[in-house]
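Novice: predicted structure and sequence below. I'll ask about it afterward.
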Amino acid sequence: MSVFKRKPGRTHPGRISGAAVHNLFSHPATIKYIGGKYTLDKRCRGLIKYDPLLCIGCGLCMKDCPTGAITIVNKGTKQDRDMHAYLDTGKCIFCGQCADTCPKKDIVVTSESDLSNFSRDGLKIEL
Amino acid sequence: MENELMEALITRFPELEGKVKISAPLRVSVDWLPQETFLKVITWLHDEKKLTHGHNVIGTDEGDNLGFIYMISGEDQVIVILRTTAPKQAPRIPSLSGLYKCFILFERELCDLFGADVTGLPPGPRYPLPDNWPKDQWPLRKEWKPEKFDRQTMIYQGDSTPETAGAPAGNPASPGPATEGAAEVNAKTEALLQTVELDEEARAAAAFVNQPLPGEAASDNAPETAAKHPNSENLITVPIGPQHPSLDEPSTFTITLEGEKVEGAVIGIGYNHRGLEKACESRSYVQDLYIIERVCGICSHAHTTAYCMCVEQLAGVTVPPRAEYIRLIVGEMERLHSHLLWLGVAGHEIGFDTLFMMSWRDRERVLDILTVLGGNRINYGINCLGGVRRDIDEGLAQEIHKTLDFLEAEIKYYLKLAETDSTLAARLAGVGVLSKEDCLLYGAAGPVARAAGISDDVRQIEPYGAYRDIPVRVITDEHADVFGRTLVRIKEMLESIRLIREALARLPEGPITVRVPRRIPAGEAIIRVEAPRGEDLHYLRSNGTDMPDRVRVRAPTECNWHGMQHMLEGGYLSDVPITIAAIDPCYSCTDRAISLRGHNSLSGQVLDWQQLRKYSLDWYRQRGIDPSGIDLADISAHTDGKE
Ligand code: SF4
Ligand code: SF4
C-alpha cells in the first residue's frame, strides 16, 4: 500500500519541496484502467478458496454463512465422495465465517478481489 | 447502590416483594407488573428517586400480550428495568413522554412495529416505517412473517389476525383501562404539552410535514395551532430532504422560518429502516453477528462488541484478556476514524473544505490499519462470539505505532487550529446550544452531553473489557455548543491514541478466543458500550434455542435526536447543517433498518428496475428529449432479460 509511505507535507512549508521530490519518484497511486491489476494487501478478506479433497461434507459452512452464498454438493456416493462448492459472489459478503467454522479448514480466505462479471449469473461460480 | 435502590423500592411498594432482583452489576430488574402498579412505580422513581434519564423502551411479544420494557437511570447510573404488559386485543398504554422526553421516538416505534396504542403521544411524523406501510401490519409481532408480505403491493397474504386488526386505530378518546397512575401520568403529559417546546412542536407539526398518512384523517387541530402564532403570515417553511445535497443520508427537516431565524423544526427519520431486528430473530447467533455489524458503517465494532458481550454474558463464558485488549484497540481505532470523519464533515458543512481534505486524508491512515487488522476497510469483522478472530503480531504493532505517531502530530495541529483559529470559533461558538439541563432532559449522549459538562462516558461509568485495566480520562467541555463538541471530539482522539499505546504495551499473552455454545441458555442481557457517538445499548433475549428471541439495538444517535429540535430552534438557517452534523448523526444506526419508498404519483408503488427505466425514459420524452439518441436502446438490448 503506497499510502503507508506518504509523509506529512503540510505542517512545515519547507516540506513542500520534499513532498514534491518524493512524489516525483514514488509509484503512482492509480493503476492503468484496462489491463492494470489491483492487488489488495494479503491480509484483506476476499474470495474464499475451497479444497474438495479435505471436505467431509458436514455442511456447517452452509449453516453459518450469513447470506446463504455457499453451497456444498456431493456428486459422488457416500463412500466415494466427489465434493463441489458453489459460491454466489453476488451474495457473499466476504466475511470469512465459513473458513472459521469449517472443522477441516478446507476453506481459506484469499485476498482475491477481481470478481466483476457482465451478468448476474456469471457471479455464481464453482470454487 | 443497587441494594439501596432495591430496598427503597420494596419499602415503598411492599407488593414488589420478591419481584425485584439485581440481574447484573448496576442493573435492577423488576418483574412484569400490572400497568397500574407500573405507573405508580415509575412515577415515584422519577419524582422521588430522581431517576430522570430514560435509556430505552423495548417492545416484546409475549404471546397473547405485548410487553413493554422501560430502562431508566439516575445519578448513580444504576439502570432500573421496569416491565409492563397490555393484551394484544387492546394494547393501550399511556405515553411516558411527559416524564421522559426522550421516550417519544421509542414510543412511536412501539406504535409502528408492535401496534401498541400509546395514548398521549405528541403529534409528529411516523417512525420508523414508510408512510405507505399499511397501518395494521406490525412487523415485530411474532405472528407476522416477512415472507407473507408483498413489498410491491404492500399486501399481507394470509390470516391478517382479525381480532387485533384495527385495535390501535380505534377511537383514542374511548375509555381505556384508565388507572389512577395512568391519569396521573396523563395529567403530567397534558401539563407538559402546555409548555413552549411541545407547543411549538405541535404547531410546526401542524404546519406541514405531517401530511396525513393514507387512510388517516388530517389532524383537525393542525391549522388552528398554526394560526395561533402571532406572526404566522410571516412564517415560511423550507422542506429539506429526504434527498438533499447537504444531507449525507435520507431524512426530512421541515424548517419554519421567520426571516432567517428558525422558528420551528420537524424532523422526519426512518428512511433507512431495514428490519434488521426482525431479521435477527430468524437467524442463528453466529449469522446475527454479521447483521449487527451492518447496523452502521462507522460504529460497526461498537455494535458487535455490545452484541458479543450480550451473548457471552448469557452463555456464561469469559473472554480471554488478550481478546479484550484487541477489542479495545480496534474500538479506539474506530473512534479515531469516526471522529476524523466527523471533523471533515463539520469542516465541509461550514465551508472549510481544506479541513475536510486534511482530516479525511488522515482518516485513510486509520482505515489502512483497520484493513490489515480485521481484513476489511469498514466492516472489519474482528469480533466473534467468544473473542476476536485475528491477533496482533509484532510487525502489525509497529505499523500501528507508526500511524499513531503520525496521527498524534496531525491531531495536535487540529487542536491548535480549533483553539486559535478565529474564523472557526466565530462560526461554531454559540451555534446549536444544548445546555446541561437540556441534555439531561432530552437524554443526550456521548460528545453532545460531554460538551455540556456532563461526564457521561460508559467506559468510565461501567468499565467493560480492557477498560477495567486501563482507565479512561473523560473529556468534558463547558461550551455546550458546536464549538464545544468539536473540542471534545479532537481531545478524545488524543485520549484514544493514549489508550491504544497503553493497550499495545500491556497486551497480555494467551488465546484470543473461547468456544461459545451454539444454543444460548434462556435469559436476557442488557449491555452498554461507548460507541464513538455515545452510549450504545443492546438488549438481547434468548429462549434457549440457537436463535435470539428479541434483539434491540439502541444506537447513540437515537437519543441525540430528541434534543435536535431544541438545538435548531432559535438558530439561523445557515447554521442548520452544522447543527445537524454536530451530533454526528447516523441515520442507519437509528433506523436500523432498506425499505423503498414509492413515488407518490405512482400510488405508493415500489418500482423495479424495468419500471424505473421506463419512468425515466418517459420523463425525458415528455420534455422533448429523445433518449434514443444516446443509445439507450442499445443498452436495454444488452441488459434485457439479464436483470
Ligand atoms: S465468506 Fe461469509 S458470506 Fe461468503 S460464503 Fe463464506 S460465510 Fe458466506
Ligand atoms: S464446513 Fe468444511 S468440511 Fe464441512 S461442508 Fe463446509 S467445507 Fe466441507
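Specialist: Thanks, I have the structure now. Numbering: from 1, shown residues only, chains lettered A, B, ... in the order given. Ligands and ions are numbered 1, 2, ... in the order given.

Novice: okay, CA-based contacts and neighbour counts for the rest of this
Specialist: OK.

Novice: tally of neighbours for the residue in the stretch 1-150 of chain B that ligand 2 sits nearest to?
Specialist: Ranking the residues of the stretch 1-150 of chain B by distance to ligand 2 (Cα to the nearest ligand atom) places B:Glu147 first, at 27.4 Å. Residues near B:Glu147, counting by other Cα atoms under 10 Å in any protein chain shown, number 9.

Novice: my guess is it is in a strand, correct?
Specialist: No. In this structure, B:Glu147 is helix, not part of a strand, as judged by DSSP: H, G, I helix; E, B strand; the rest coil.

Novice: quick one: it from ligand 1, how far?
Specialist: Separation of B:Glu147 from ligand 1 (Cα to the nearest ligand atom, to the nearest Å): 22 Å.

Novice: neighbours of B:Phe13, just the number please.
Specialist: B:Phe13, neighbours per other Cα under 10 Å, totals 14.

Novice: next one: the one 3 residues further on
Specialist: Neighbour count of B:Leu16, defined by other Cα under 10 Å: 17.

Novice: quick check: chain neighbours aside, which residue is closest to it?
Specialist: Leaving aside its sequence neighbours, B:Leu16 sits nearest to B:Ile10 (Cα to Cα, 6 or more residues apart in numbering or on different chains; 5.7 Å).

Novice: secondary structure class of the one you found, three-state.
Specialist: Applying three-state DSSP: B:Ile10 is helix.

Novice: one step back: tell me who's in contact with the residue of the stretch 1-150 of chain B closest to ligand 2.
Specialist: With contact set as Cα atoms under 8 Å, 6 or more residues apart in numbering or on different chains, B:Glu147 has no partners.

Novice: need the residues of chain A near ligand 1, please.
Specialist: Neighbours of ligand 1 within chain A, by Cα under 6 Å from any ligand atom: A:65-70, A:92-98.

Novice: just the strands from chain A, written as ranges.
Specialist: Assigned by DSSP state E, chain A shows strands spanning A:48-50, A:70-74, A:83-88, A:107-109, A:124-126.

Novice: who touches the fourth one?
Specialist: In this case it means strand A:107-109. A:Arg45, A:Gly46, A:Leu47, A:Ile48, A:Lys49, A:Tyr50, A:Asp51, A:Gly96, A:Cys98, A:Ala99.

Novice: what's the pLDDT at the last one?
Specialist: The reference is to A:Ala99. Predicted confidence (pLDDT) for A:Ala99: 93.

Novice: helix or strand: which one has B:Thr423?
Specialist: helix B:422-428 (DSSP states H and E).

Novice: try B:Ile329
Specialist: Going by DSSP H and E, B:Ile329 is part of helix B:321-349.

Novice: so what does the helix or strand just after that helix touch, helix or strand wise?
Specialist: Using DSSP H and E, the helix or strand that directly follows helix B:321-349 along the chain is helix B:353-374. Secondary structure elements in contact with helix B:353-374, counted by 3 or more Cα pairs under 8 Å, 6 or more residues apart in numbering or on different chains; DSSP states H and E, are helix B:321-349, helix B:394-420.

Novice: helices and strands around the first one, which ones?
Specialist: I take that to be helix B:321-349. helix B:300-315, helix B:353-374, strand B:387-388, helix B:482-505, helix B:576-582.

Novice: any regions of the chain where pLDDT drops low?
Specialist: Unless you meant another one, I'm taking chain A. Where chain A drops to pLDDT under 70, the residues are A:1-13.

Novice: nope, chain B
Specialist: Filtered on pLDDT under 70, chain B yields the residue ranges B:159-232, B:245-247, B:587-609, B:626-643.

Novice: and it, what are its domains?
Specialist: B:2-204, B:219-268, B:276-590, B:609-639 (automatic domain parsing).

Novice: can you give me the offset of the first one from its chain's centre?
Specialist: Distance of domain B:2-204 from the chain centroid (Cα atoms, centre = their mean, to the nearest Å) equals 17 Å.

Novice: which parts of chain A sit against ligand 2?
Specialist: A:Cys55, A:Ile56, A:Gly57, A:Cys58, A:Gly59, A:Leu60, A:Cys61, A:Cys102, A:Pro103, A:Lys104, A:Asp106, A:Ile107.

Novice: quick one: buried ones out of those residues?
Specialist: Those of the residues of chain A next to ligand 2 that meet the buried threshold are A:Cys55, A:Gly57, A:Gly59, A:Cys61, A:Cys102, A:Asp106, A:Ile107, by 16 or more other Cα atoms under 10 Å in any protein chain shown.

Novice: ok, now which ones touch the closest residue in space to B:Thr304 that isn't next to it in sequence?
Specialist: Spatial nearest neighbour of B:Thr304, excluding adjacent residues (Cα to Cα, 6+ apart): B:Glu293 at 5.6 Å. Neighbour list for B:Glu293: B:Ser300, B:His301, B:His303, B:Thr304, B:Asn379, B:Gly381 [criterion: Cα under 8 Å, 6+ apart].

Novice: spit out the contact partners of the residue lying closest to the fifth one once chain neighbours are set aside.
Specialist: Distances taken as Cα to Cα, 6+ apart put B:Ser300 closest to B:Asn379, at 6.2 Å, once the chain neighbours are dropped. If you count contacts by Cα under 8 Å, 6+ apart, B:Ser300 has them with B:Ile292, B:Glu293, B:Arg294, B:Ile378, B:Asn379, B:Tyr380.

Novice: chain neighbours aside, what residue packs nearest to the third one?
Specialist: I take that to be B:Arg294. B:Arg294's closest residue in space is B:Ser300 (Cα to Cα, 6+ apart), at 6.5 Å.

Novice: go on, B:Pro463?
Specialist: Per Cα to Cα, 6+ apart, closest to B:Pro463 is B:Pro471, 8.0 Å.

Novice: if I look at B:Ile255, how far off is B:Arg613?
Specialist: 33 Å (Cα to Cα, to the nearest Å).

Novice: kindly report the same for A:Leu53.
Specialist: Distance from A:Leu53 to B:Arg613, by Cα to Cα: 47 Å.

Novice: which one of these two is surrounded by more residues?
Specialist: B:Arg613 (14 against 11).

Novice: so can I have a markdown table of the contacts of B:Glu293 showing distance to B:Glu312?
Specialist: Shown next, in a markdown table, are the contacts of B:Glu293 (distance: Cα to Cα, whole Å):
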| residue | distance to B:Glu312 |
| --- | --- |
| B:Ser300 | 18 |
| B:His301 | 16 |
| B:His303 | 14 |
| B:Thr304 | 12 |
| B:Asn379 | 21 |
| B:Gly381 | 17 |
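
Novice: write a PyMOL command that selects only the buried members of those.
Specialist: Buried members of the contacts of B:Glu293, defined by 16+ other Cα under 10 Å, are picked up in PyMOL with:
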select buried, chain B and resi 300+301+303+304+379+381
